[in-house]
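Q: Sequence plus predicted model, see below.
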Amino acid sequence: WPIYAGGKIRAANKAAVVNQQDVNEISRQKQGELMSELVERYFGVSLANQVVNVRQAVYKGLQQHLDDAVKLEQEGLISRADVLHARVFHAQASRELSKAIQQKEIVGNALNATMSVGDTIKIEAISNLFYIDSIEPEAYFQSMSASKNPMLGQIASKKKLAGQAYHAERSAYLPAVMLQGTYDIVNKDLSTYIPDWEVGIGLKWTLFDGTSRFAKVKAASLVMKQAEEYGMKAEDDISAMISKLYRELTISHDQLLELEHARTFAEEYLRARETEFNQEMTNSTEVIDARLALAQVNTERLQAMYNYDVTLARLLEYAGIPADFSSYATRADAKTERYE
């Protein structure tokens with residue numbers, strides 16, 4: 001029974017605790033990665049649903065415009081070229097709608113893979129894309145990452161393990177003390193001069209082994225320094241990533257504000273062109289261009305909102321608080337958008 005080994009036993013016990021902490025941090029990292037993947041694919045389905053609705057609105061609008069153009073041609077109010085122009089873009093709208101429906105199926109299959117369900121189960125995204133006008137400053141996420149980022153937690157564990165390995169190697173310079181003892185429960189056919197029990201203490205102390213111990217301690221010391229330098233680099237990389245994601249989040253929010261104004265103008269422009277067309281004051285081309293411009297603004301706005309949600313999920317992942325995403329999505333000031 002070893003009772004002292006120069007600190008090697010204590011170092012081994014501490015290393016076992018640190019290894020358990022490292023496993024927990026790895027589990028947290030995987031959970032954060034899965035959370036970001038789930039957000040990306042779930043809101044990808046929500047985005048695809050909304051894009052299909054936008055394309056359906058464009059198709060129906062161009063269908064109505066084509067019907068009106070045919071009637072006006074029959075009455076001799078517009079030329080054949082205007083009708084052909086309407087037919088070309090009506091066919092294009094049909095292709096875009098079909099493409100959007102197929103894309104919806106693709107992202108739906110990706111979500112099924114993340115949720116580990118079969119193709120026979122169809123998951124519907126009931127939560128809308130959202131954005132928030134005001135969230136915590138960048139410094140908040142930086143401070144969260146310093147204490148809760150699982151990658152930094154793993155690096156901290158590696159630094160502790162390197163330190164314990166260094167102490168274990170240094171213990172080779174110290175003696176090892178152990179207890180030993182025996183007790184005969186059954187003493188049959190043995191000499192009566194053999195005692196029933198004995199106890200003893202032993203000591204082992206290597207005084208010289210060349211340079212083996214020195215080389216091992218030196219190597220362990222270099223591993224400690226390497227872990228320290230790697231930790232500093234990882235802190236800088238994660239800090240830079242959080243800054244990058246926070247800026248991307250701000251860019252997506254600014255785009256949403258700009259697109260909100262652009263959508264108002266596009267809707268008004270479309271109403272004006274449709275009125276002028278029905279009053280024979282403009283041609284078919286301008287009406288179609290106005291409708292496609294509105295569809296483009298709506299699609300860009302949905303894409304910006306999707307980028308905002310995915311970026312927010314990744315920001316929370318690097319901050320070490322991925323589970324907080326649901327609280328952001330359900331905040332009272334969260335703005336959603338849905339096209340029916």
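A: The structure has been received and is ready for your questions.
Q: Skip the chain neighbours and tell me the closest residue to V223.
A: A162 (4.8 Å; Cβ to Cβ, 6 or more residues apart in numbering). Glycine gets a C-beta too; all of them are placed from N, C-alpha and C.
Q: how many other residues sit next to the one you found?
A: Number of residues near A162 (other Cβ atoms under 10 Å) recorded here: 20.
Q: R273 is in contact with E286, correct?
A: Yes: E286 is within contact range of R273, at 5.2 Å (criterion: Cβ atoms under 8 Å).
Q: out of those two, which sits in the busier spot?
A: A side-by-side neighbour count of E286 and R273, using other Cβ under 10 Å, places R273 first with 22 against 17.
Q: ok, that one - contacts?
A: 282, 286-287, 289-290 (Cβ atoms under 8 Å, 6 or more residues apart in numbering).
Q: and the spatially most central residue of the chain, how far is that from S127?
A: Centroid-nearest residue in the chain, with Cα atoms, centre = their mean: S36, separated by 2.6 Å. Using Cβ to Cβ, to the nearest Å, S36 is found at 16 Å from S127.
Q: Which SSE is immediately downstream of the helix or strand encompassing A313?
A: Assigned by DSSP states H and E, A313 belongs to helix 284-319. Per DSSP H and E, helix 284-319 leads on to helix 325-329 as the next helix or strand towards the C-terminus.
Q: what's that next one packed up against?
A: Contact analysis of helix 325-329 by 3 or more Cβ pairs under 8 Å, 6 or more residues apart in numbering; DSSP states H and E lists helix 284-319 as its packing neighbours.
Q: picking that back up, need the contacts of R273 in JSON lines (columns: pLDDT and distance to E105).
A: Shown next, in JSON lines, are the contacts of R273 (pLDDT from 0 to 100; distance: Cβ to Cβ, whole Å):
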{"residue": "T282", "pLDDT": "62", "distance to E105": "38"}
{"residue": "E286", "pLDDT": "81", "distance to E105": "35"}
{"residue": "V287", "pLDDT": "80", "distance to E105": "32"}
{"residue": "D289", "pLDDT": "84", "distance to E105": "30"}
{"residue": "A290", "pLDDT": "86", "distance to E105": "31"}
